[in-house]
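In: task: produce atomic coordinates for the following.
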Amino acid sequence: AFVKLSLDFAFGAECAPLQEGRVAAAQVLSGTGGLRVAAALLERLPRLKGEKQKPICYMPEPTWGNHAKVFQDAGVEVRRYRYLDTKTNTTLDYEGMKADLLAAEAGSTILLHACAHNPTGVDPSPDQWRDLSSALKATDLQLFFDCAYQGFASGDAERDALALRSFVADGHEILLCQSYAKNFGLYGERVGALSAVCKDPAE
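Out: Next comes the predicted model:
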């Protein structure tokens, strides 16, 4: 029941992949535990078939301090993409972000903060999220949303799910890590969920 409700909370109960039974999910030890399990999965199952691919994850600069450590511990190489505009330190360098992601090595993973980017609090606008989703459709990148603040960013859980729901509606097969430490005040209980939107129920 917990996993089902977590998926409904993030994707919306009417989400097509949920209705079609093609979202795999499990409970995990909050956000950090979910990130570690996902990093291990990415290391073992390369996105591109054939010759073993070196696992790479692109993360925003800056990002939460433990993101890189968790992925590196799982054997994943960490690279950075532009995020905060260094001229202002208060706004998003959207064009730089988009250019870096479109230039990312094929088969790599892209870590995206679903809302309330940590540590800056600076998020793309709804239009920028939609533009980025459209641009990334032409790539062979694995998109991975870290969602630690749904409902805590704007006060509206539906509004805070806009980014990941837009990407799923556009047909992306994403990974999602959810934490309930902050938004539900469950920091000590280590409660979270990890899910993958797949192409079909068999996958």
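
In: so how far is Arg159 from the residue in the chain sticking out farthest from the centre?
Out: Here the chain reaches farthest from its C-alpha mean at Lys87, the gap being 26.3 Å by C-alpha atoms, centre = their mean. Computed as C-beta to C-beta, to the nearest Å, the Lys87 to Arg159 distance reads 28 Å. To be clear about C-beta, it is placed using only N, CA and C from the backbone, and glycine gets the same treatment.

In: report how many residues lie close to Thr91.
Out: Other residues near Thr91 number 11, with proximity taken as other C-beta atoms under 10 Å.

In: touching, it and Pro124? I think so.
Out: No: between Thr91 and Pro124 there is no contact under C-beta atoms under 8 Å: 10.8 Å.

In: and the worst-scoring helix or strand of the chain on mean pLDDT, how far out from the chain middle?
Out: For the chain, using mean pLDDT, DSSP states H and E, the weakest element among its helices and strands is helix 30-44, scoring a mean of 94. Using C-alpha atoms, centre = their mean, to the nearest Å, we find the averaged C-alpha position of helix 30-44 to lie 12 Å away from the chain's own average C-alpha position.

In: C-alpha coordinates for it, PDB please?
Out: What follows is helix 30-44 as a C-alpha-only set of coordinates in PDB (Å, rounded to 0.1, in the frame of the first residue of the first chain):
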ATOM      1  CA  SER A  30      14.600   7.400   2.400                       C
ATOM      2  CA  GLY A  31      16.400   9.500  -0.200                       C
ATOM      3  CA  THR A  32      20.000   8.400   0.500                       C
ATOM      4  CA  GLY A  33      19.100   4.700   0.500                       C
ATOM      5  CA  GLY A  34      17.100   5.100  -2.700                       C
ATOM      6  CA  LEU A  35      20.000   7.000  -4.400                       C
ATOM      7  CA  ARG A  36      22.500   4.200  -3.400                       C
ATOM      8  CA  VAL A  37      20.200   1.400  -4.800                       C
ATOM      9  CA  ALA A  38      19.700   3.400  -8.000                       C
ATOM     10  CA  ALA A  39      23.400   4.100  -8.400                       C
ATOM     11  CA  ALA A  40      24.200   0.400  -8.100                       C
ATOM     12  CA  LEU A  41      21.500  -0.500 -10.600                       C
ATOM     13  CA  LEU A  42      22.900   2.000 -13.100                       C
ATOM     14  CA  GLU A  43      26.400   0.600 -12.600                       C
ATOM     15  CA  ARG A  44      25.200  -3.000 -13.300                       C
END
